[in-house]
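1. How does the following fold in three dimensions:
(3 chains)
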Amino acid sequence: MRIKFVAVVAGATALAAVLAGCGKSGSSSGGGGSSSASGSGGSSATIASKLVLGGPPEFKTRVDGIPGLQKTYNVTFGNFKALDAGGPLTIGALKNGQIDAGDIFTTDPSIKADNFVVLQDPKNLYTAQNVLPLINKTKATDGVSKTLNAISAKLTTDDLVQLNVDVVSNKQDPDTVAKQWLSSKGLGTTGTDAAGTTLTVGSANFQENVVLAEIYAEALKAEGATVNTKLNIGSRETYIPGLQDGSIDLIPEYSGVLLQYFDKTATAETSDDVYSALQKAVPSGLTVLQQSQAQDKDAIVVTKNTADKYHLVSIADLAKSA
Amino acid sequence: MISFSGVITWLNDPGNWRDRVGQEGIFTQLLNHLQYSVVAILIALAIGLPLGLLIGHSGRATFIVSAVNALRALPTVGLLILFYVIIGPHIHGKGDAAFLIPTEIVLVLLATPPILANTYAGVQNVEPAARDAAAGMGMTSTQVLFRVELPNALPLIFSGLRSAALQVIATATIAAYVGLGGLGRFVYDGLASRDFPQMTGGAILVAILALVVDLLLALGQRYAVSRGVSGRFSKRALPADSRSGEVVQLEVASA
Amino acid sequence: MIRFEHVSKRYPDGTVAVDDLDLIAPSNQITVFVGPSGCGKTTSLRMINRMIDPTGGKIFIDDQDASRVEPAKLRRGIGYVIQHAGLFPHRTIVDNVATVPFLLGHDKRAARKRAMELIERVGLDPKMAKRYPAQLSGGQQQRVGVARALAADPPVMLMDEPFSAVDPVVREQLQNEFLRLQGELGKTIVFVTHDIDEAIKLGDQVAVLRVGGHLAQLATPAELLAQPADPFVAGFVGRDRGYRALGFTAAGTLPTNDEPTVRLGADLRQAKGSAQNGWVLVVDDRQQPQGWLAFDGVADSALHGQVTSDLLNLGGTLARQGGTLREALDAALSSPSGRGVVIDDERRLIGTLTASEVLQRIEERAASTRHEAGVAMASSAPAGSVVDGAP
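-> Now for the predicted structure:
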C-alpha cells in the first residue's frame, strides 16, 4: 500500500513538472494568448516590436485591429494579450505595466484619471464612431425625429467623457445625469412634439450607452411620448433583432461599428463617408437619424511614461526604429 | 447557425493543431490548459487532502468544511477580474504572472471544496468498529489515520478528486478571458470574431479533455483502492465454515 | 491477572459510569462482566486497555499499573475483540489477523504463517485467507476477530459483546468453539455481555454490575444461580434458576436401560416387532442413533419396504454419558417415545432413561447438596442462629 501511494505521488509530481516545462517553453514565445508577431514587419527593431499590445480577442482578426495596424501604419507589436475591449482588464494591465499599449475607448474616464496618452490617428485607421439614434421607421415620426435630432446637434465628445465620469467614476444614477445634461443644454423642456407615440428605448450593456438611452428617453417623455426603457440588453446580436421584431424601437448607436455590422465589406472611414454608407446599409424597417459630432471610438493608448520614453504622438511613431 | 461539418473541418485541419504566427495551435493550447488545470488541482490537493484527513480524523473544527463548501457558489469570471484588479498592480513585468496568479487562485477555490468535503466524508464514513479496533489493538493516532482511515476513505477521496478535476478543466477556459492560453482561447476568439466552428471546436476539445482525464483518474482509482473496499471481487458462493452450517440430527444437548 | 482498585469513572456532566469498582479477574480464567444497559460494564472493560481513562483508582495488569504504560504499547499486548469485529475492509483476512505482529515489526512471512494457523484454529477454511472481510458472513468475521486478537499471543484478552451481533445458531457455535479454544490456550479473559445466559455459560467467574457502575455480586455461575446476593441480582439472573443450575451439576454415571434397536434399511415389518410402546430406535451400522420410528396404530398390512431416514422422527436430544443433569433431563423430556437416549463420546448408543429416572437422580443430588450446605452454614454460623436449610 505504501509503495502504491508513493508511486502515485511521484507520478503526479512528474506529470506536473513535465507540464510546467512544456508550458513554459510554450509561453516563452509569448504566453498563451499572446501571439508573437515576429516574422513580418522587417528585421529592424521598431519601437512597436518591443512593446506589448492589449485589446479584445477580436483585435487579432478585426480590420482595424492587428491586421489594420500592420497595413495602415506598418506597426507590428511584439506581443498581443487578448483582454477586454477597453474594460477594467485592459485599463488595469496598461496601468500596471503588463501591456504597453491598449485598445481603450476615447471617452473612458481613465484616460484623464491615469494620465494616459491617446495616440493620434491621422490615417483614420479607426473609423468614425459618431453617436446617432437607430430607430424603427414606423416610430420615426416628425416629432420624434425633431426631438432626437436636437439632442444630436448638441452632443459633443467632451460631453461623453463627462457623462462617463459622472456615471462610471462617480456612480451617479444615469437617469438623473441624463436629466441634468438635457437641462444644461436647454433641451428637455416640456412640449407635445412626440405626443401620442409609444416607444421602447433600449441600450447596450455599458454605462455610456445607458446614459445616452436615458437622454433620449427623458427628452421624448418631456415631449409627450409614452416611453419604456429596456437597458443593458447585451450585444448587437441580441438587440438588432429586437429592433426588427418590435421588442425595442430605438437605441443609441455608433456609426462606424454599426456600419461594419450591417456591411462587413464597408471601407468608409470618415464621419461623412461612414454616415452615407450607413444610410444605405441599414436594413429595411430601420433607419438612422442625424448623427452627433460626439465620437466614442477605439484608440491606441499608452502611458505617459511610454509616450515620453519613445517620443510617441501618433500611431505612426510606433513604426520608427527603436 | 453552427454547422456541425464546420466544426469537424476545423478540428480536422492540421494547420489548427500547429502553432502559427499570431495564433497558438491546438497542441500548445491543450498543454497550456492542462498546465493551468494540473497546477490548480495539485494545490487544491495539497490544501484539501491534509485538512480533510485531519478534520475527519479528529472530528474537530468541522465548521471549516462547511465554510469551504460555500466557495462553490462563487462566480468565477467575476472573481477572476476582482483578483486581477487587486493583485495586478503589485506584479510588474510582462510575464503571465499577473494574470496567471488570479486565474490559479480562482481555479484552486473551485477545486478545493470537493476535495476537502469528500476527504472529510471519506474518513468519517470509515466503519466506527474498524477505527475502534485499530485503536484498541495498539495503533497510534497517526497509524490509525494512515493505515486504516485513509485507505478506506479512498473511494470518496477519488470521487472528490474527479469532481474537482472536471470542474477545473471545464472552468480553466476563463484563463483565456485574461489573455492567457488554454482551450478557452478558441472559445473566446471564436466568439469574438464570430468564427463559430472555432468556438464550438474549442468547447468540444474541453469536453474531450475532461473525459480523458476522468478516465485516467478512474484507472488510478482502480489501482489505488483496495479490492476489499471497492467491492471488486467475485460474488460466488463461499464455502461454509469447516465446523458450522450443518444441522446435525438429534443434536447433542447443550450444557 | 487484572486487578481493579477503587476504580471510578465520572464524566464532567456528572454521570457516574463506574463507581468504586474493586475486583480481581484471575489469570487463565474467563471473568464475565454482565448487567443491564448503563451498568458500566463496557466502560470498565475499556479502562483496562485505556481506551477510557479512569477518574479515580488504578487498574493493575499482572501487577503493573496500566496508567504508567503508554497506551498504544499497552494495547499491543492485549487482545481486543469487539461486537462488530471491526475488521479492516481494505486488508485481506490473513493481513487482518496479522495486524498486531505487523505493528510490532515481526517478520511478515512468519507473521502470515502464524496467521494462517490461527485462521484454521478458529474454525475457518484456509481458502478464506486471501478474501476480504466484505466477502465473509457475520459469524465468519467474528472468528477472524478472535484470531486477530490472538495473533501476538497476548496473555490478556478483552472481549466486548463479541457474539451479540450474530444470530442465535451462530452464536451458540461461536460460544462452544470459544470455550474449546480457551481450554487449549488458558488466556486471562475479561468478557462483557448483557446476556446472563451467555455469562453463566462462558464465565469461570461472573461480575454482575448495577446501573450506576456498582458491583452487585462477584461469584461463580453456580453460586450466582444458587445464592443471588440481592433482589436485583436475583431478578437479573432471571427465572429457571433451578433448572439452569442443573447444567452445572454433573450427572455422574447414569443408570441406563437397554434399548432394542433397528438398523437403517431393515425390513419394516421386522422393525415393528421390536417396538416398545409403539416406538423403536433406529441406528446406523455404527450404532449411532438416527431417529425414532413410530408404529402406534399402523396395521401390519400397511407396512412395505425398509426403514429409511425420511420415515424417522427426529425429535429428541441426546445426552452424553458423563454430561450434566440438564442434558439428561432434556433428552428424556424431548424424546418422542418418552425414553431419553444416552450416548458415549463417539455418539454410539449406550441406553435410554425415562424422565422419572432422571428426576430421581436429580433429587438424590439436591438432597446431598442441601446436606452439605447445611453443614457448612452450621459450622460458620454464630451459635444460636437459626439455620434455614433451603437454598
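
2. Within its local environment, how many residues does residue C:109 see?
-> 8 (other CB atoms under 10 Å in any protein chain shown). The C-beta positions use only the backbone N, C-alpha and C, and glycine is treated the same way.

3. same check, this time on the one 10 residues further on
-> The number of residues packed around residue C:119, counting by other CB under 10 Å, is 24.

4. And the residue in chain C positioned nearest to chain A, how far from residue B:154?
-> Using CB to the nearest CB, residue C:90 is the residue of chain C that sits closest to chain A, at 7.8 Å. Taking CB to CB, to the nearest Å as the measure, residue C:90 falls 8 Å from residue B:154.

5. Just to be sure, the residue of chain C closest to chain A is in a helix?
-> No - using DSSP: H, G, I helix; E, B strand; the rest coil, the assignment for residue C:90 is coil, not a helix.

6. The lengthiest helix in chain B near chain C at all?
-> Using DSSP state H to define each element, chain B has its longest helix at helix B:26-58. No - using CB under 8 Å from any CB of the partner chain, helix B:26-58 never reaches chain C; the gap is at least 15.5 Å.

7. for that helix, packing partners?
-> If contacts are counted by 3 or more CB pairs under 8 Å, 6 or more residues apart in numbering or on different chains; DSSP states H and E, helix B:26-58 sits against helix A:2-28, helix B:14-17, helix B:63-69, helix B:97-124, helix B:150-171, helix B:184-192, helix B:196-224.

8. Briefly note if the shortest one comes near chain A.
-> No - judged by CB under 8 Å from any CB, helix B:14-17 and chain A are separated, with a smallest distance of 13.8 Å.

9. and that helix, which residues are buried?
-> residue B:16 (16 or more other CB atoms under 10 Å in any protein chain shown).

10. what about dumping the CA coordinates of that helix to CSV?
-> Only the C-alpha atoms of helix B:14-17 are listed here, as CSV (Å, rounded to 0.1, in the frame of the first residue of the first chain):
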residue,chain,number,x,y,z
PRO,B,14,-3.8,20.1,-39.2
GLY,B,15,-3.0,23.8,-39.6
ASN,B,16,-5.1,24.4,-36.5
TRP,B,17,-3.1,22.0,-34.5
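
11. which other residues reach the strand or helix carrying residue A:229?
-> Following DSSP states H and E, one finds residue A:229 within strand A:226-230. For strand A:226-230, contacts defined as CB atoms under 8 Å, 6 or more residues apart in numbering or on different chains pick out A:197-203, A:213-214, A:217, A:220-221, A:242, A:247-248.

12. In helices, which of those appear?
-> Short answer: those in helices (DSSP H) are A:213-214, A:217, A:220-221, A:242.

13. Okay, helices next: where are they in the stretch 1-150 of chain C?
-> In the stretch 1-150 of chain C, the segments counted as helices under DSSP state H, counting those that start in this stretch are C:41-48, C:71-76, C:93-97, C:99-104, C:108-121, C:138-150.

14. Let's have those in JSON lines, adding mean pLDDT and distance to residue B:14.
-> Listed next are the helices of the stretch 1-150 of chain C as JSON lines, based on pLDDT from 0 to 100; distance: least, CB to CB, whole Å:
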{"stretch": "helix C:41-48", "mean pLDDT": "94", "distance to residue B:14": "71"}
{"stretch": "helix C:71-76", "mean pLDDT": "93", "distance to residue B:14": "63"}
{"stretch": "helix C:93-97", "mean pLDDT": "95", "distance to residue B:14": "53"}
{"stretch": "helix C:99-104", "mean pLDDT": "92", "distance to residue B:14": "57"}
{"stretch": "helix C:108-121", "mean pLDDT": "93", "distance to residue B:14": "55"}
{"stretch": "helix C:138-150", "mean pLDDT": "92", "distance to residue B:14": "60"}
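
15. Please name whichever of the ones you listed is nearest to residue B:135.
-> helix C:71-76 (7.6 Å; CB to CB).
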